[in-house]
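[1] structural data only, the sequence is not supplied:
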């Protein structure tokens with residue numbers, strides 16, 4: 001059976017999430033404009049920084065910080081932000097586009113993501129992205 005477009009793009013976001021370097025969760029994002037993929041992004045350390053998965057330590061876990069709090073202590077850039085940044089780096093317009101997000105918890109937390117965090121939500125709005133679709137695994 002042929003997948004719907006939402007299922008198709010979320011499945012690509014799932015594949016993108018496999019590049020995530022975060023020890024707490026995998027997030028993969030695909031931005032689609034006019035039925036064309038214009039950018040992808042995943043949760044991971046900033047370019048040139050050491051990845052948490054490579055050293056086996058999450059600073060937020062070490063400090064016992066609950067999900068959704070004190071993001072400034074995290075080394076990762078969220079997948080949503082990375083997809084927007086990657087679109088800008090490549091010169092692709094994302095105004096009027098849709099963002100497809102795949103989010104999977106890797107830690108023992110049963111905390112629901114529920115959608116982009118407040119900062120990513122603001123970036124999504126300011127970038128001109130008009131909608132987002134989420135598949136979440138906890």
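    Great, that's in hand. None of these values were measured; they are calculated from a predicted model.
[2] counting neighbours, what do you get for the closest residue to residue 132 other than its chain neighbours?
    Of all residues not flanking residue 132 in the chain, residue 99 sits nearest, at 4.2 Å (C-beta to C-beta, 6 or more residues apart in numbering). Using the backbone N, CA and C atoms, a C-beta is placed for each residue, glycine as well. Other residues near residue 99 number 27, with proximity taken as other C-beta atoms under 10 Å.
[3] separation between residue 99 and residue 43?
    Remark: distance between residue 99 and residue 43 (C-beta to C-beta, to the nearest Å) = 14 Å.
[4] I'd like the distance between the residue nearest to residue 107 when sequence neighbours are not counted and residue 120.
    In space, and not counting its chain neighbours, residue 107 is closest to residue 24: 4.8 Å by C-beta to C-beta, 6+ apart. According to C-beta to C-beta, residue 24 stands 16 Å off from residue 120.
[5] compare neighbour counts for these two and give me the winner.
    Neighbours were counted for residue 24 and for residue 120 using other C-beta under 10 Å; residue 120 has more, 24 against 21.
[6] ok, now which ones touch the more buried one?
    78, 80-81 (C-beta atoms under 8 Å, 6 or more residues apart in numbering).
[7] how far is the helix or strand where it lies from where the chain is centred?
    Using DSSP states H and E, residue 120 sits within helix 118-127. Computed by C-alpha atoms, centre = their mean, to the nearest Å, the chain-centroid distance of helix 118-127 equals 12 Å.
[8] sweet, I'm off.
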